[in-house]
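What follows is a predicted structure for the sequence shown.
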Amino acid sequence: MHSKDQISHEDYQRTADWLLSQTQHRPKVAIICGSGLGMLADALQCQDSFKYSDIPGFPQSTVQGHAGRLVFGELRGKTCVCMQGRFHMYEGHSLCKVTFPLRVFKLLGVDTLIVTNAAGSLADSYNCGDIMIIRDHINFPGFAGLNPLIGPNDEKFGPRFPPMSGVYDKDLRKLAFDICKSMGVSQYVQEGVYCMVGGPNFETIAEARLLHKLGVDAVGMSTAPEVVVASHCGMRVFGLSLITNKVVKSYQDFEKVNHEAVLEVSKMRSETLQKLVTELVSRMDINNNTA
Ligand SMILES: O=P(O)(O)O[C@@H]1C[C@H](O)[C@@H](CO)O1
């Protein structure tokens with residue numbers, strides 16, 4: 001499966017060149033919007049946007065709550081590119097396809113990734129609507145050999161064996177905490193470990209208990225492959241999970257999670273997340289991108 005799906009450097013370059021020919025924007029920051037979080041792109045000024053179906057080489061987004069648009073624009077004078085809709089492994093995409101945009105962004109000049117997702121909480125102290133700053137992740141599919149870096153290594157992007165410790169930038173995490181404090185929202189901001197599972201089904205109770213025992217704070221179906229590829233090609237990474245549900249861990253609890261409820265909670269926190277991401281981009285240290 002992997003060799004058939006292998007994407008060449010030229011393929012990434014072709015898509016990057018097409019985008020560079022269609023927009024004047026030269027982003028340094030990429031933002032990936034999680035389920036129901038597409039409104040993060042609405043804050044961008046002077047937008048140029050492209051449907052994924054119009055971008056050569058781009059996969060298509062099939063999940064409700066993922067619009068399928070790439071939006072370029074400025075956040076407080078800093079140029080960003082925003083994915084309104086991401087690709088998940090459970091949609092049937094290979095991990096090369098899931099992470100295709102990241103390498104294209106690298107070729108556009110992006111050096112910082114802000115990744116967001118909707119996730120269920122395992123940590124007992126978390127509540128629905130909490131924002132979790134991702135300290136670290138567990139890439140469960142990676143344990144089973146589902147890793148986007150499997151296959152011949154493209155040294156132009158990064159090394160064969162990239163380190164993954166400290167992958168979520170410490171300074172950006174601290175900055176985000178400071179911003180949350182000044183926004184007066186610290187009471188529902190957490191920091192924790194995100195775990196990716198393959199999906200598309202939500203967890204059984206036994207699976208939830210296992211993840212809890214392993215020290216997972218929040219579980220979702222994305223993010224880890226994107227972060228692995230971004231880090232492999234040298235990007236700085238910051239991640240946020242919006243806690244949209246508490247994962248059922250008790251056989252006495254008859255609550256059942258569903259995607260509609262996930263989207264509903266995402267909507268509830270959209271304004272706060274938009275403010276937080278805008279402030280973070282505005283205050284983060286990046287090269288002034290006037291190239
Ligand atoms: O794209 P994200 O990770 O935010 O989406 C989460 C995981 C599933 O795709 C979906 C389940 O409701 O939300």
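Arrived safely.

what residues are up against Val216?
122, 138, 193-195 (CB atoms under 8 Å, 6 or more residues apart in numbering). Glycine gets a C-beta too; all of them are placed from N, C-alpha and C.

what residues does the stretch 1-150 of the chain put near the ligand?
Residues of the stretch 1-150 of the chain found near the ligand (CB under 6 Å from any ligand atom) are 34-35, 63, 86, 88, 117-118.

Which residue does this protein have closest to the ligand?
Nearest to the ligand, among the residues of the chain, is Gly34, at 2.8 Å (CB to the nearest ligand atom).

returning to what we had before: the residues of the stretch 1-150 of the chain next to the ligand into TSV, with extra columns for secondary structure and distance to Glu279?
As requested, those are exported to TSV (DSSP: H, G, I helix; E, B strand; the rest coil; distance: CB to CB, whole Å):
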residue	secondary structure	distance to Glu279
Gly34	coil	18
Ser35	coil	22
Val63	coil	28
Arg86	coil	23
His88	coil	28
Asn117	strand	20
Ala118	strand	21
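
Of those residues, keep whichever come out buried.
Among those, those scoring as buried are 34-35, 63, 86, 88, 117-118 (criterion: 16 or more other CB atoms under 10 Å).

Around the ligand, pick out the residues from the stretch 151-291 of the chain.
The stretch 151-291 of the chain comes close to the ligand at residues 199, 220-222, 259, 262, as judged by CB under 6 Å from any ligand atom.

Which one of the residues you listed sits in the busiest neighbourhood?
With neighbours taken as other CB atoms under 10 Å, the top of those is Ser222, carrying 27 neighbours.

And it, how far from Ser8?
Using CB to CB, to the nearest Å, Ser222 is found at 25 Å from Ser8.

With Leu240 instead?
Taken as CB to CB, the span from Leu240 to Ser8 is 32 Å.

Tell me which of the two has more neighbours.
Comparing Leu240 with Ser8 by neighbour count (other CB under 10 Å), the higher total belongs to Leu240, at 24 against 10.

Look at the nearest residue to Thr62 once chain neighbours are set aside and say how many residues are nearby.
Ranked by CB to CB, 6 or more residues apart in numbering and with sequence neighbours excluded, the top spatial neighbour of Thr62 is Glu91, at 5.1 Å. Neighbour count for Glu91, taken as other CB under 10 Å: 18.

that older thread, filter the residues of the stretch 151-291 of the chain next to the ligand down to just the ones in strands.
Gly220 (DSSP state E).
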